[in-house]
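S.K.: Give me the fold of what follows.
(2 chains)
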Amino acid sequence: MKKYSFLMLFYALSAHSEMALLDDEALSDQTGQTGITLSARAEFGTGTRISYNNTDASYVDPTEYWLVVDELTGAIEIKGLKLDLINDFGPTQNKSALQWTMPEEVIFDELKTEGIYVGPGRTVGASHQFIMGIEMDGELSMPAQTKINIFPVN
Amino acid sequence: MNQYGILFFLFSFPIPVMSMQSLDDSQMSEVTGEGIGATFDNVAIYSGNYGMPDDFKLKLQLTEGVDPDYLIFSELRFNRSGVTKDQLGGPDTGGFFGTYENPLFLGDLREITESHLATFTDGSTGYKSFTALYTGFPAADLNQNERSFFRFAEGQRTYANTFNADGNAFSSHRDAPQGFFNNGSVNVGNYFTLADTHAAEQALFEAELDLATSKFDLHMRVDSVNDSNRLLSPDEQFLSYVDLKGVRLYGTETHIWAHDNQNETPVTSYINGEPIHATKGLAMAMTTGLRADEIILNTNLNNAAASALSLKGVDMYLPLGTVDQPLTISTVQFQQEARYTWGQNNFEPAKTQMRIEVAQLPQDVGQAAQGNIFIQSLGFGDENDEEIITGYEDIYLRERSGAVAYIAPGVAHRAFVPKTVIYNEQVDIFNQNNPDNPLPYIPNQNVIEIRGLEIQRMVITTQDL
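M.R.: Sure, this is the predicted structure:
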């Protein structure tokens, strides 16, 4: 279970965001197809923050430090992300895989963080160290119908 | 702080945001050898030109305050190598990355063990082990090839390569035979035979890589915003175009674990009075192998050839951290000297700073992991620029026997381009015009070979500017 915790984090991130309603036209895209087709927009309101720390390693500096992605705002929108289970994968076309077909475009609407900080505490204070800020804005298109196949490996 | 911010950004990519701790034996047996594989088909990403409605910008804010400095990355295009300008943004531009047999490998927990024999506080000795999260890129098990023909030929020296069947010595060449670039026949000995063997080895490497991933092209524009150009137009903030052509990764893998000293008695805790922190914290061992046909930086907004710096035939294999010498990330309470008073012992109160560190290699390990960089040729500006051309000479193209088969007259020789590269360019032209009677290529030399790169010790501590 532990190894999948990063997936849980992904879901946790989703929980921070606000899911916008789809209109009828977009909703009609979601039905009557194999697998799932998703179009979604996640908007991040003021006060959204991601804080992380790792207490399991041992450190010389006893201060418990946090990595904080502070004041996440803006939105990200995807159009036409498809998820399917396939069973004709692999060299002999008999393996199963979870197949994601990437959206034709991903729209970043001033998705930004005020700053990424390191410091003692999950909220940014005077002792936190500014590392950098990040902002993404505009469209990224994936015109070739990019597919990602995910499968277990032994 | 800015430069460390970028370093942090780069180092942070492979770190899954999860809590890591050592597993006991029973837990290890349940998880080792399992993981998630991922393959990527039809991979292509496109965004429009800077300032156009379909553009995309990634802004990195480097400083805090009212008027921060920015680096802006835009015009991000990633597609199968060889896609033409007219095809960009179209459906037939994708390449593949990973296959079922050779996928991107995620989420495998592996036990890694130091080769350093530790002495613990209770007097016992042993080798410390850790549970690491392994990530392997396609072709992660592919090792770097010997790109130097000189070194390759040296390694091929055997009796058969030095003496003929009668036991008589013949010329065994590690470079072009003497007189090879002059007119007249030369004794080429086993030069072409060894060249073929070397070329076959390189071709095998590329063929194995072909099975794991396509070659990709990456394009981006970089702008810099600071006090000197903040109020100027985007054109005035332009820094460079970056183009990687025919690029792919090999031998690339990462181990991440929570490092601790497991009650080892430290041989020393200080170097030059500075405490060593690298025995603790979030630890990483990364190896990156990168092959690229060409890397181009162009500082002209209109992509003028005169403003391009080009690196051709790039092969970089760079380890950063090992289980014996991990790259650790932790925090320290650091007293920095006040700006503009350096050297005056004017220290500010201690603040939390991030530290990226590679500890010194334990003496009993002996040899740190080494990296190599090969660059076949460099191009500065327009290759037809008279300032780049160092002279004009005839090129004597040879058959396998060593006899001259064709003279290419007055060929331009360029700075930082080995003669062997110029020669092979002419062979290429000849063979295109004479497909039924091709001439052999010769091994290319490299204009840059950096061997045995290793980190003895590294400490990066962030500071406030």
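S.K.: Not counting stretch B:363-372 itself, show me its contacts.
M.R.: By C-beta atoms under 8 Å, 6 or more residues apart in numbering or on different chains, the surrounding residues in contact with stretch B:363-372 are B:115-117, B:144, B:147, B:267, B:287, B:315-319, B:322, B:324-325, B:361, B:449-456. In short, each C-beta sits where N, CA and C put it, glycine included.
S.K.: could you flag which of the residues you listed are buried?
M.R.: In the contacts of stretch B:363-372, burial by neighbour count holds for B:116, B:144, B:147, B:287, B:315-319, B:322, B:324-325, B:361, B:449, B:455, counting by 16 or more other C-beta atoms under 10 Å in any protein chain shown.
S.K.: Restricted to strands, list those residues.
M.R.: Taking DSSP state E as the definition of strands, the buried ones among the contacts of stretch B:363-372 contribute B:T287, B:D315, B:M316, B:Y317, B:L318, B:P319, B:E449.
S.K.: and these as a markdown table, adding distance to B:Q426 and pLDDT?
M.R.: Supplementary listing: these in a markdown table, determined by distance: C-beta to C-beta, whole Å; pLDDT from 0 to 100:
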| residue | distance to B:Q426 | pLDDT |
| --- | --- | --- |
| B:T287 | 38 | 95 |
| B:D315 | 24 | 97 |
| B:M316 | 28 | 97 |
| B:Y317 | 31 | 96 |
| B:L318 | 34 | 95 |
| B:P319 | 38 | 94 |
| B:E449 | 24 | 93 |
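S.K.: Contact partners for residue 123?
M.R.: Assuming you mean chain A. With C-beta under 8 Å, 6+ apart as the criterion, the residues that contact A:T123 are A:R49, A:S51, A:V68.
S.K.: Just the buried ones from those?
M.R.: When neighbours are counted using 16+ other C-beta under 10 Å, the contacts of A:T123 contain these buried positions: A:R49, A:V68.
S.K.: hmm, the longest helix anywhere in chain B touching chain A?
M.R.: When chain B is parsed with DSSP state H, its longest helix is helix B:191-212. No. Contact between helix B:191-212 and chain A is absent, the nearest approach being 11.1 Å (criterion: C-beta under 8 Å from any C-beta of the partner chain).
S.K.: Tell me the helices and strands packed up against that helix.
M.R.: The elements that helix B:191-212 packs onto, with contact taken as 3 or more C-beta pairs under 8 Å, 6 or more residues apart in numbering or on different chains; DSSP states H and E, are helix B:149-155, strand B:238-259.
S.K.: Looking at the ones you listed, which is nearest to A:P103?
M.R.: With distances scored as C-beta to C-beta, the stretch of these nearest to A:P103 is strand B:238-259 (24.8 Å).
S.K.: That closest one pairs with which strands?
M.R.: Strand pairing for strand B:238-259, using DSSP bridges, gives strand B:129-136 (antiparallel), strand B:216-225 (antiparallel), strand B:281-298 (antiparallel).
S.K.: for that strand, what is the average pLDDT?
M.R.: Averaged over strand B:238-259, pLDDT sits at 95.
S.K.: Just want the angle from that strand to helix B:191-212.
M.R.: Using axes from the mean of the first three to the mean of the last three C-alpha atoms, to 10 degrees, the interaxial angle of strand B:238-259 with respect to helix B:191-212 works out to 80 degrees.
S.K.: So which bits of strand B:238-259 are buried?
M.R.: For strand B:238-259, the buried set under the neighbour-count rule, 16+ other C-beta under 10 Å, comprises B:238, B:240-259.
S.K.: do stretch B:380-396 as well
M.R.: When burial is assessed from 16+ other C-beta under 10 Å, stretch B:380-396 yields the following buried residues: B:F380, B:G381, B:I388, B:E393, B:I395, B:Y396.
S.K.: any chance of these in a markdown table, plus secondary structure, distance to B:D86 and pLDDT?
M.R.: A markdown table is the format used below for these (DSSP: H, G, I helix; E, B strand; the rest coil; distance: C-beta to C-beta, whole Å; pLDDT from 0 to 100):
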| residue | secondary structure | distance to B:D86 | pLDDT |
| --- | --- | --- | --- |
| B:F380 | strand | 29 | 87 |
| B:G381 | coil | 26 | 86 |
| B:I388 | coil | 29 | 87 |
| B:E393 | strand | 38 | 94 |
| B:I395 | strand | 35 | 96 |
| B:Y396 | strand | 40 | 96 |
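S.K.: Could you export the residues you listed as JSON lines, including distance to chain A?
M.R.: Putting the buried residues of stretch B:380-396 into JSON lines (distance: C-beta to the nearest C-beta, whole Å) gives the following:
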{"residue": "B:F380", "distance to chain A": "32"}
{"residue": "B:G381", "distance to chain A": "32"}
{"residue": "B:I388", "distance to chain A": "37"}
{"residue": "B:E393", "distance to chain A": "46"}
{"residue": "B:I395", "distance to chain A": "42"}
{"residue": "B:Y396", "distance to chain A": "46"}
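S.K.: Tell me which two of the residues you listed sit farthest apart.
M.R.: The two members of those with the most space between them (C-beta to C-beta) are B:G381 and B:Y396, at 28.3 Å.
S.K.: Could you tell me how many residues sit around the residue lying closest to B:F97 once chain neighbours are set aside?
M.R.: If the residues on either side of it in the chain are set aside, B:F97 comes closest to B:F40, at 4.1 Å by C-beta to C-beta, 6 or more residues apart in numbering or on different chains. The local packing of B:F40 (other C-beta atoms under 10 Å in any protein chain shown) involves 22 other residues.
S.K.: got it, and B:K85?
M.R.: Residues lying near B:K85 (other C-beta under 10 Å) number 5.
S.K.: just B:N372 next, same as before
M.R.: Using other C-beta under 10 Å, B:N372 is surrounded by 19 other residues.
S.K.: Check which residues of stretch B:93-109 are buried.
M.R.: Within stretch B:93-109, the residues that qualify as buried by neighbour count (16+ other C-beta under 10 Å) are B:93-100, B:102-109.
S.K.: out of those, who's nearest B:Y423?
M.R.: Scanning the buried residues of stretch B:93-109 for proximity to B:Y423, where the rule is C-beta to C-beta, the winner is B:G95, at 31.7 Å.
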